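Trainee: please work out how this folds:
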Amino acid sequence: MIGFVIAVLSGILMSVQGVFNTQVTKASSIWAANVFVQCTALLVCLAVWGVSDRTSLFAVWKVEPKYMLLGGVMGAAITWTVIKSMDALGPARAVLFIVVAQIAAAYLVELFGLFGVEKQPWEWRKAIGLAVAAAGIVVFKW
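Mentor: Prediction:
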């Protein structure tokens, strides 16, 4: 149950953050907003780490394969793409496309066992669920 609650909270935060970031971009620029978002995220993470964790920050360099360290690069790209899509499509449509793309990408990662994730067998119900989610875009659009 806690995983469900955290996932719902994540979705809410991502949607609201996208709206906030889009507004910050209108007052500055997309890259200034992205720098602000990433720097404030760094400060919050450092504060929480300092209070609760305290494991070595350099332990992340032990990860293999090294391309797994590209999460921060992806974070900057995510911030940019969310801002641009919300500006072009509006918050609700952008989030709908983003979520369907996330579902599709996550299913492909599981299906092919990419990036060290345990490979899962093909399941029609998951494919149908993805198709229903994609159909939701059409229903939502009209």
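Trainee: what comes into contact with stretch 61-72?
Mentor: Applying CB atoms under 8 Å, 6 or more residues apart in numbering, the set of residues contacting stretch 61-72 from outside is 38, 60, 115. All C-beta atoms are positioned from the backbone trio N, CA, C, and that covers glycine.
Trainee: quick check: longest helix in this protein by residues?
Mentor: Once the chain is assigned using DSSP state H, the helix that runs over the most residues is helix 2-27.
Trainee: how far does it sit from its chain's centre?
Mentor: Its chain's average C-alpha position is 9 Å from that of helix 2-27, according to CA atoms, centre = their mean, to the nearest Å.
Trainee: and for residue 116, the neighbour number?
Mentor: 9 (other CB atoms under 10 Å).
Trainee: just among the contacts of stretch 61-72, which is most surrounded?
Mentor: residue 38 (14 neighbours).
Trainee: so for this protein, the centremost residue is which one?
Mentor: Central residue of the chain (CA atoms, centre = their mean): residue 78, 6.5 Å from the mean position.
Trainee: just the pLDDT for that residue.
Mentor: As predicted, residue 78 sits at a pLDDT of 94.
Trainee: list the buried ones in stretch 41-56?
Mentor: Within stretch 41-56, not a single residue qualifies as buried, counting by 16 or more other CB atoms under 10 Å.
Trainee: fine by me, thanks again.
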